[in-house]
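> Predicted model, plus sequence, below.
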Amino acid sequence: MNNEKLRSDKAFLDAKRRELTALREQLLGTKASARSEEADVDENASGEAREFEDDAQKLVTLELEGSLEARDTERLVNIERALRKIDEGTYGLSDASGEPIPIDRLNAVPDAIYTLAEQEALDKKG
């Protein structure tokens with residue numbers, strides 16, 4: 001089956017919808033777990049003697065977690081967009097150019113809303 005037919009194939013789209021929904025649930029679960037863990041750390045740290053090295057390490061960890069959370073938030077936005085694109089009948093077409101996104105890319109990154117070249121250009125811009 002060619003790329004164009006596969007993008008409109010109900011079984012393919014249903015599989016991608018299930019995959020995207022599972023990814024969304026996984027990311028939302030990870031975010032909830034991280035918030036709970038952070039609250040536990042805050043609660044346990046109150047009233048304890050503090051060391052500056054511990055604070056510095058916590059700051060580094062929070063910065064890294066913040067970067068990961070930002071990435072997860074961006075991914076959630078793309079997942080929601082990809083799910084809307086399935087509903088709209090435009091899944092597998094780039095939001096930037098309307099060009100087809102290769103099926104191999106959709107299989108590797110089901111929430112892709114841009115071609116690889118477009119995504120790389122966006123990533124370079126920051």
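Received it, and whenever you're ready, just let me know what you need. Numbers count the residues shown, from 1 in each chain.

> What is the neighbour count of the nearest residue to Arg7 once chain neighbours are set aside?
Closest residue in space to Arg7, ignoring its immediate chain neighbours: Gly92 at 3.8 Å, by Cβ to Cβ, 6 or more residues apart in numbering. To be clear about C-beta, it is placed using only N, CA and C from the backbone, and glycine gets the same treatment. Gly92: 24 surrounding residues under other Cβ atoms under 10 Å.

> mind listing what Gly92 touches?
The neighbourhood of Gly92, defined by Cβ atoms under 8 Å, 6 or more residues apart in numbering, consists of 3, 6-7, 85, 100-101, 103, 106.

> List the residues that contact Pro100.
3-4, 7, 92-94.

> List phi and psi for it.
phi -60, psi 140 (degrees, to the nearest 10).

> what is the rounded mean pLDDT of the helix or strand harbouring Gln26?
Assessed by DSSP states H and E, Gln26 sits inside helix 10-45. Helix 10-45 shows a mean pLDDT of 77 in the predicted model.

> ok so, going back, please narrow the contacts of Gly92 to those residing in helices.
3, 6-7, 85, 103, 106 (DSSP state H).

> which among these gets closest to Ala22?
Proximity of those to Ala22 (Cβ to Cβ) peaks at Leu106, which lies at 15.3 Å.

> show me what contacts the closest one?
Each residue near Leu106 by Cβ under 8 Å, 6+ apart is listed here: 16, 91-92, 112.

> How about Asp95?
81, 85, 113-114.

> my guess is Ile86 meets Leu13, correct?
Yes. Under the criterion of Cβ atoms under 8 Å, Ile86 makes contact with Leu13 at 5.4 Å.

> tally of neighbours for Arg7?
By other Cβ under 10 Å, the burial measure for Arg7, its neighbour count, is 21.

> now it: how far from Pro102?
10 Å (Cβ to Cβ, to the nearest Å).

> Tabulate the contacts of Pro100 in a markdown table, adding columns for pLDDT and distance to Thr21.
Output for these, formatted as a markdown table (pLDDT from 0 to 100; distance: Cβ to Cβ, whole Å):
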| residue | pLDDT | distance to Thr21 |
| --- | --- | --- |
| Asn3 | 68 | 23 |
| Glu4 | 72 | 24 |
| Arg7 | 73 | 19 |
| Gly92 | 96 | 17 |
| Leu93 | 96 | 20 |
| Ser94 | 97 | 22 |
